[in-house]
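Enquirer: Okay, here's the prediction I keep looking at, along with the sequence it came from:
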Amino acid sequence: MHMAARDMLAPWDSVQCAAQTAGRGQLRRNWYSPPGNIYVAIRLPMTPPFDGSAAAPATAYLLAEALRVLGWPVQLKWPNDIVIEDEEGQHRKLAGILLEERGGILLAGIGINVDFSPPIEVLRAGAAMEATCLRDLLKAGEGRYIPTAEALWQQLVIRMHSAYIHCHSFSGQWKKHADGLLLWRGKDVELRDDGRIVRGWLTGLGPAGGLCLNQNGRLEEFFSGSLLRTGRAAVKG
C-alpha cells in the first residue's frame, strides 16, 4: 500500500513474498503462511467492476480462469474463494482473496496453496470447507507439473491481465463468465451471516456481485455471509 501511494505500484503490478509472519485473512484472522505457497498483493484499477461490490467475485473469476488455463479445474466459491474437487469428490479450498481500499488505491491480497495447506486444527471454527494444495492434488492425479510459487505466480498474473484486457467490455461480461464457474450454481444452498441462516436455490451472481438466491419464487441478492450446501455441516475447528 505504501508503494502504491508513492506511485511505485501501478495497476496490475504486484508484490510477492516467500512467507508471512503476520499474515491476516478475513476479519483480521491469522493467516497460515509457510514458505512454498503464493502470497501476493496486486493493485487493481479503480474502474468497473473493481470500483464497487463486484470487485471480489470479479477478481476471483480472473484468478480461477488463469488457474483453469494452466490445467487446474477450479471453481469460484462466492464471494472470493477458489475451490477444487479432490479424488473423493469433496470440494476443498485452494485459494482466497482479500480486498483492501485506501484513498482510491485498491489492492487484492491473494493466497494460493501450492506446497502446503492449513491443517484442519488451525482452521477457524465453522470454516465452510477443508483446504488442499496443488502438490497434494498432483499426487492424487489432478493437474500437471507444478513450478515454484514464484514462477507460478508470474504465469498466473500474466493470464489474469490477459483475460481482463482481451475480454470485450470486461465490466459488462465478467458476470456471465463468473456464473459459468460458480460453485453450487443451480443447487440448494444456505447462507450464514452473523447468526442468520438463509436457504434457497443459487441462481447466480447479481450485477453488483452479490449472491442471488431463489427463496420459494422470490429472488434476493445478498452481499455477505458464508456459503454452504444445504444440510452439510461446516468443518469443526
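Expert: Good, I have the coordinates.
Enquirer: Give the next helix or strand downstream of the worst-scoring helix or strand of the chain on mean pLDDT.
Expert: Of all regular secondary-structure elements in the chain, judged by mean pLDDT, DSSP states H and E, the least confident is helix 134-139 with a mean of 86. Tracing the chain past helix 134-139, the next element assigned as helix or strand by DSSP states H and E is helix 149-166.
Enquirer: angle of the following helix or strand past that next one against helix 149-166?
Expert: Beyond helix 149-166 in the direction of the C-terminus, DSSP H and E gives the next helix or strand as helix 170-181. Per axes from the mean of the first three to the mean of the last three C-alpha atoms, to 10 degrees, the angle that helix 170-181 makes with helix 149-166 is 120 degrees.
Enquirer: roughly how far out does helix 170-181 sit from the chain middle?
Expert: On the basis of C-alpha atoms, centre = their mean, to the nearest Å, the separation between the geometric centre of helix 170-181 and that of its chain is 15 Å.
Enquirer: Next, name the residue at the spatial heart of this structure.
Expert: residue 81 (2.7 Å; C-alpha atoms, centre = their mean).
Enquirer: Distance-wise, check it relative to residue 227.
Expert: As for residue 81, its distance to residue 227 is 9 Å (criterion: C-beta to C-beta, to the nearest Å). In this view, the C-beta of every residue, glycine as well, is placed from N, C-alpha and C.
Enquirer: Repeat that for residue 65.
Expert: Applying C-beta to C-beta, one obtains 20 Å for the distance of residue 65 from residue 227.
Enquirer: now do residue 213
Expert: 10 Å.
Enquirer: Then residue 214?
Expert: From residue 214 over to residue 227 the distance is 15 Å, taken as C-beta to C-beta.
Enquirer: Tell me which of the two has more neighbours.
Expert: Residue environment comparison for residue 214 versus residue 227 gives the larger neighbour count to residue 227, 21 against 14, counting by other C-beta atoms under 10 Å.
Enquirer: who does the helix or strand where the more buried one lies pair up with?
Expert: Under DSSP H and E, the secondary-structure element containing residue 227 is strand 226-229. For strand 226-229, the paired strands and their directions (DSSP bridges) read strand 188-193 (antiparallel).
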